[in-house]
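K.L.:
sequence first, then the predicted structure:
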Amino acid sequence: DQQVKQNSPSLSVQEGRISILNCDYTNSMFDYFLWYKKYPAEGPTFLISISSIKDKNEDGRFTVFLNKSAKHLSLHIVPSQPGDSAVYFCAASELGGSQGNLIFGKGTKLSVKP
Amino acid sequence: DAGITQSPRHKVTETGTPVTLRCHQTENHRYMYWYRQDPGHGLRLIHYSYGVKDTDKGEVSDGYSVSRSKTEDFLLTLESATSSQTSVYFCATGTAETYEQYFGPGTRLTVT
């Protein structure tokens, strides 16, 4: 059973507009959430993270929002740029779980059109 | 950038043959991980290591073994490769201080 779900396999956005990528989770023991970005033929790279004690974390054009009651997090990219076109993975880590073990969603492919 | 390299980057092998993939890191990170990425499945943990000679199973460990004889190297072995093990394999490292993991460039393995 999937503990981390990214229900949108793909998303297309116009350059300059906002991209919103969504992630849902089922395990209430998850205490830390991360977003990774992956270009073709490369390894995933860490983008931004959020602890369960916060509801928002911002880093430049990237903001992650966490709604614990809904078990939902989202990644906002504003403004979107063509170089943001990539697959984005949501990941979660469990409180008290094996150190650093991350559970990944299946990913959302973002296409930013010029 | 954690200075992670994987070798080989591409490999084609036949069913039933043994295969070993190597991950090498230069950052002295304590934790190392092997994932596989398949269409429709995202990244799934195969095995991980929390220190030299200390390893444990992940979500999809059947058919795989690992070894870590020194901090910088983490080997993934397919004792007898099967077509279902055709995948892209990623190595990652991490520290005790943060949850972030740093990924290598991946190895594309095809089992014919």
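P.N.:
Perfect, thanks for sending it. Just so you know, these numbers come straight off a predicted model, no measurement behind them. Numbers count the residues shown, from 1 in each chain, chains lettered A, B, ... in the order given.
K.L.:
what residues does chain A put near chain B?
P.N.:
Counting by CB under 8 Å from any CB of the partner chain, chain A comes close to chain B at A:6, A:32, A:34, A:36, A:41-46, A:49, A:89, A:91, A:93, A:98-102, A:104-107. For the C-beta atoms, the positions are set from N, CA and C on the backbone; glycine is no exception.
K.L.:
show the buried residues in those residues.
P.N.:
When the residues of chain A next to chain B are checked for burial by 16 or more other CB atoms under 10 Å in any protein chain shown, the buried set is A:6, A:32, A:34, A:36, A:43-44, A:46, A:49, A:89, A:91, A:93, A:100-102, A:104-107.
K.L.:
got any ranges where chain B has weak pLDDT?
P.N.:
Of all residues in chain B, those with pLDDT under 70 make up the ranges B:1-2.
K.L.:
chain neighbours aside, what residue packs nearest to the residue in chain A positioned nearest to chain B?
P.N.:
Nearest residue of chain A to chain B: residue A:43, at 3.4 Å (CB to the nearest CB). Leaving out its chain neighbours, the residue that sits closest to residue A:43 by CB to CB, 6 or more residues apart in numbering or on different chains is residue B:103, at 3.4 Å.
K.L.:
just the buried ones among the residues of chain A next to chain B: which are in helices?
P.N.:
Using DSSP state H, no member of these sits in helices.
K.L.:
other residues contacting the helix or strand bottoming out on mean pLDDT in chain A?
P.N.:
In chain A, no helix or strand scores lower on mean pLDDT, DSSP states H and E than strand A:102-104, which sits at a mean of 92. Applying CB atoms under 8 Å, 6 or more residues apart in numbering or on different chains, the contact partners of strand A:102-104 are A:3-4, A:27, A:30, A:34, A:36, A:89-94, B:35, B:42-45, B:99, B:101.
K.L.:
can you do 10 Å?
P.N.:
Here strand A:102-104 makes contact (CB atoms under 10 Å, 6 or more residues apart in numbering or on different chains) with A:2-4, A:6, A:25, A:27, A:30, A:32-34, A:36, A:44, A:89-94, A:97, B:33, B:35, B:37, B:41-45, B:59, B:92, B:94, B:99-101.
K.L.:
just the ones in strands from those, please.
P.N.:
Of the positions in the contacts of strand A:102-104, A:4, A:25, A:30, A:32-34, A:36, A:89-94, B:33, B:35, B:37, B:42-45, B:92, B:94, B:101 sit in strands, assigned by DSSP state E.
K.L.:
got the contact list for the residue of chain B positioned farthest from its centre?
P.N.:
The C-alpha centroid of chain B is most remote from residue B:97, which lies 21.6 Å away (CA atoms, centre = their mean). Applying CB under 10 Å, 6+ apart, we find residue B:97 in contact with residue B:30.
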